[in-house]
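[1] Below is the sequence, then the predicted model.
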Amino acid sequence: MKLLSVLLFGTLLACSDGSSSKEGFISQVDLDGRSSADYAGMELEDAVYELSENSAYQETPALAQSKIIKTATIEFETRDMQKTHERVLRIVRQNKAFLQKDNTGKQYSREFRQLIIRVPTENFQALVDSIGAGVAYFDKKDISRRDVGEEFVDLQARLKAKRILEERYLALLAKAKNVKEMLEIERELSSIREEIEAKQGRLNYLQDQVSQSTVYLEFYRTDVETIATQSYGAKMGNALKGGWNGISSFFLGLLYIWPFFVILGIIAFFMRRYLKRKKKVAS
């Protein structure tokens, strides 16, 4: 493997007043015989990233191997919810998996159970096959595989570049000559460390998804007798109950507006007396 040489360090002060600039932080970059002219106009982060990315592929070719994220979505109907749940739990234990989520619910005549299972990738297919054993019909059975190997390698290379860059800025910080230079360098270091944490978090997430596959499972039971009952007796009972509730609501509404009837009666009384007097005068 060719030797990698990175000569970063120019002068921190670009002007006589002691001010520093980011462009002055790097004087020359040389990668496998490439001169600084090859990197003309590149930012420091880009130059270091290209160096690190190149070395990452040369030093650790195994990183380019495929990294597969496997997921499965399974849905089917069952006659016995309890037995099916117990069977799934046995399969989970046998395959060294664990339940990330276990929810139950009911919607009209449909009772359902939703589970999220995390299983070691090497046991993924065995678990999926065991769950599907004996199921006559699947409402849904979707198995997907996504290769994130390229993203994984790219993140590792960029993470390595950011750490190299962090080391360079730490060296510059040690050589800072005044508070202004220290503050500028520390501001850059803070930004670099945030990016390092973000990329490391993404790497950890991808590694977790690759090592532990995910199965989204839902099974349900439909009560046919309940549907038939609701079609006749329940509907008639609901109609009678609704009619009684309607009448009750009507009379209750009348009670709320009793002052209106009192006022209306008083107006009618005076109108009647007025009309009688007018009739007498006319006769």
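    Great, that's in hand.
[2] And residue 246, how close does it get to residue 239?
    Distance of residue 246 to residue 239, given as CB to CB, to the nearest Å: 11 Å. Yep, even glycine has a C-beta here, placed from its N, CA and C like the rest.
[3] got it, and residue 106?
    Look at residue 106 and residue 239: by CB to CB, they are 24 Å apart.
[4] those strands in this protein, which residues are they?
    68-77, 98-107, 110-120, 138-147, 212-222 (DSSP state E).
[5] Kindly reformat the ones you listed as TSV containing mean pLDDT and distance to residue 91.
    Listed next are the strands of the chain as TSV, based on pLDDT from 0 to 100; distance: least, CB to CB, whole Å:
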stretch	mean pLDDT	distance to residue 91
strand 68-77	95	12
strand 98-107	92	11
strand 110-120	94	9
strand 138-147	94	16
strand 212-222	95	10
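[6] Now tabulate the ones you listed in JSON lines and tack on mean neighbour count and distance to residue 201.
    Formatted as JSON lines, the strands of the chain follow (neighbours: other CB atoms under 10 Å; distance: least, CB to CB, whole Å):
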{"stretch": "strand 68-77", "mean neighbour count": "18", "distance to residue 201": "16"}
{"stretch": "strand 98-107", "mean neighbour count": "11", "distance to residue 201": "19"}
{"stretch": "strand 110-120", "mean neighbour count": "18", "distance to residue 201": "19"}
{"stretch": "strand 138-147", "mean neighbour count": "12", "distance to residue 201": "19"}
{"stretch": "strand 212-222", "mean neighbour count": "19", "distance to residue 201": "17"}
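[7] In JSON lines: the ones you listed, plus distance to residue 278.
    As requested, these are arranged in JSON lines below (distance: least, CB to CB, whole Å):
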{"stretch": "strand 68-77", "distance to residue 278": "81"}
{"stretch": "strand 98-107", "distance to residue 278": "69"}
{"stretch": "strand 110-120", "distance to residue 278": "72"}
{"stretch": "strand 138-147", "distance to residue 278": "81"}
{"stretch": "strand 212-222", "distance to residue 278": "75"}
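[8] which stretch among these comes nearest residue 198?
    With CB to CB, the closest approach to residue 198 among the strands of the chain belongs to strand 68-77: 19.5 Å.
[9] now that closest one and strand 110-120, what's the angle there?
    Here strand 68-77 runs at an angle of 160 degrees relative to strand 110-120 (axes from the mean of the first three to the mean of the last three CA atoms, to 10 degrees).
[10] same for strand 68-77, what does it pack against?
    helix 124-132, strand 138-147, helix 179-211, strand 212-222 (3 or more CB pairs under 8 Å, 6 or more residues apart in numbering; DSSP states H and E).
[11] right, and those - which one's nearest residue 161?
    helix 179-211 (9.8 Å).
[12] Can you name every helix or strand that that closest one contacts?
    For helix 179-211, the elements it packs on are strand 68-77, helix 149-174, judged by 3+ CB pairs under 8 Å, 6+ apart.
[13] could you say what helices and strands the longest one packs with?
    In this structure, helix 149-174 makes packing contacts with helix 44-59, helix 179-211, judged by 3+ CB pairs under 8 Å, 6+ apart.
[14] least reliable of those going by mean pLDDT?
    Note on the helices and strands packed on helix 149-174: helix 44-59 shows the lowest mean pLDDT, a mean of 48.
[15] Please convert the helices and strands packed on helix 179-211 to CSV, extending it with distance to residue 181.
    Formatted as CSV, the helices and strands packed on helix 179-211 follow (distance: least, CB to CB, whole Å):
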stretch, distance to residue 181
strand 68-77, 45
helix 149-174, 8
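[16] is it possible to export the helices and strands packed on strand 68-77 to a markdown table including distance to residue 275?
    As requested, those are exported to a markdown table (distance: least, CB to CB, whole Å):
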| stretch | distance to residue 275 |
| --- | --- |
| helix 124-132 | 87 |
| strand 138-147 | 76 |
| helix 179-211 | 87 |
| strand 212-222 | 70 |
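[17] quick one: which of those is nearest residue 117?
    Across the helices and strands packed on strand 68-77 (criterion: CB to CB), the nearest stretch is strand 212-222, sitting at 4.2 Å.
[18] Export that closest one to PDB, keeping only CA atoms.
    This file holds the C-alpha atoms of strand 212-222, laid out as PDB (Å, rounded to 0.1, in the frame of the first residue of the first chain):
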ATOM      1  CA  GLN A 212     -31.400  -7.300  13.600                       C
ATOM      2  CA  SER A 213     -34.100  -7.800  11.000                       C
ATOM      3  CA  THR A 214     -37.700  -6.500  11.500                       C
ATOM      4  CA  VAL A 215     -41.000  -8.400  11.100                       C
ATOM      5  CA  TYR A 216     -44.300  -6.500  11.100                       C
ATOM      6  CA  LEU A 217     -46.900  -9.100  12.000                       C
ATOM      7  CA  GLU A 218     -50.700  -8.700  12.300                       C
ATOM      8  CA  PHE A 219     -53.300 -11.500  12.700                       C
ATOM      9  CA  TYR A 220     -57.000 -11.000  13.300                       C
ATOM     10  CA  ARG A 221     -60.300 -12.800  13.800                       C
ATOM     11  CA  THR A 222     -63.700 -11.900  12.400                       C
END
